[in-house]
Structures are given as C-alpha cells and as structure tokens.
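Enquirer: Below: sequence and its predicted model.
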Amino acid sequence: MMRLARLVWLLLLAALFGAALFFLRPIEPPVPPDSPLHGQIERIVVEKAARRLTVWQDGKVVRNWPIALGFAPEGDKVRQGDGKTPEGTFRIDRRNDRSAFHLSLGLDYPQPADRARAKAGGYSPGGDIMIHGQPNSVPEDMKVRGDWTAGCIALTNAQIRELWQVARLGTVVEVRP
C-alpha cells in the first residue's frame, strides 16, 4: 500500500512539473541594446497580429519586443471577459508598481464610445487594460507561453522595467489589429 501511495505521489509531482514546463518557458537571452533608453518616449505601437510592441523615440524605432495578448486576441475588445485586447489609440493614464504583475502601465480604456456601446448593449465594456510584465508568481527568468492575459499586453519583466523608465503618463499607445 505504501509503495502504491509513493508511486501515485511521484506521478502527481511529475505531472505538476510537466505542466509547469509546458506553461512556462525560459526567456531567450536578450540581445544587448545599442544603448539604454533615457528621457521620454513618443509613442508605443502594438501590432496584435505580429505579437510585437514597438517603442518610438525622437522619430525612430528604439525597441521591438515580442508580446503576449489576451487569451482570445483576434478582433477588438467588446465586453468584459471576452479575452480580447482593445484596438485603437490610447494614452497611458496610470502606473502601478504594486500590481499582481511585474509593473503595469494602464491604458485609458474604455473610452467614451466603448462605454456608450456597452451601455446600449446592456453589458460592461471591461477595463484595467495594461501593459505589464509577468505574473509576480513566475520566476524572473521565465515567462508564460502564448496569449494568456485577460486583454492586456504582456512583456518580460526586464522589458517592462526598461519601458517603465521612459513611458510617462500621456504617452500615446496605438494598438493595431
């Protein structure tokens, strides 16, 4: 009986370890940037289909990073819980260094048109759309695979720390399909 219990316990541990390896993956070593970002950036462009976030400063691209999106990323966000990342032009309207994810930069979604559409349809448009790092429970050298957020835009922790230093309130964020 003890042998069977130990075998079941070992199989359970192996399954948990396998699940962790499936959902988390090591971060690829970053390519050293030309130089650290300083000052303030002009804008951020998110291309959902390409899963890419581009940072613009002084009229030129200074960073391109891969991203994760909402768990159902195709199409524009319509309502709370749909797993979509909203499309359009937004501004960073808040910063949170104590979120459930490593740093977060909030976008001014929903906008008036989103609220009006939701009110007419009798549902919530959702909110709390952020650019953020990995969940605080994920080790620093790992990242969650695939599109996993509730509608946010996720970077690695190192990338969000760099963006955090140069993205000010009011920075324009364009989210394209």
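Expert: Happy to help now that I have it. Numbering: from 1, shown residues only.

Enquirer: In contact with L69: list those residues for me.
Expert: Contact partners of L69, counting by CB atoms under 8 Å, 6 or more residues apart in numbering, are 48, 51, 85, 147, 149, 151-154. No exception for glycine: its C-beta is placed from N, CA and C like everyone else's.

Enquirer: Now with 10 Å, please.
Expert: 46, 48-49, 51, 83-85, 146-149, 151-154, 175 (CB atoms under 10 Å, 6 or more residues apart in numbering).

Enquirer: from the middle of its chain, how far away would the top strand by length along the chain be?
Expert: Secondary structure of the chain per DSSP state E: the longest strand is strand 88-96. Centroid separation between strand 88-96 and its chain, computed with CA atoms, centre = their mean, to the nearest Å, is 13 Å.

Enquirer: Now do the buried residues in it.
Expert: Judged by neighbour count (16 or more other CB atoms under 10 Å), strand 88-96 contains these buried residues: 90, 92.

Enquirer: Parallel or antiparallel, which strands does that strand pair with?
Expert: When pairing is defined by DSSP bridges, strand 88-96 lines up against strand 104-107 (antiparallel), strand 172-176 (antiparallel).

Enquirer: Now mean pLDDT and distance to T89 too, for the ones you listed, in CSV please.
Expert: Output for these, formatted as CSV (pLDDT from 0 to 100; distance: least, CB to CB, whole Å):
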stretch, mean pLDDT, distance to T89
strand 104-107, 98, 10
strand 172-176, 98, 5
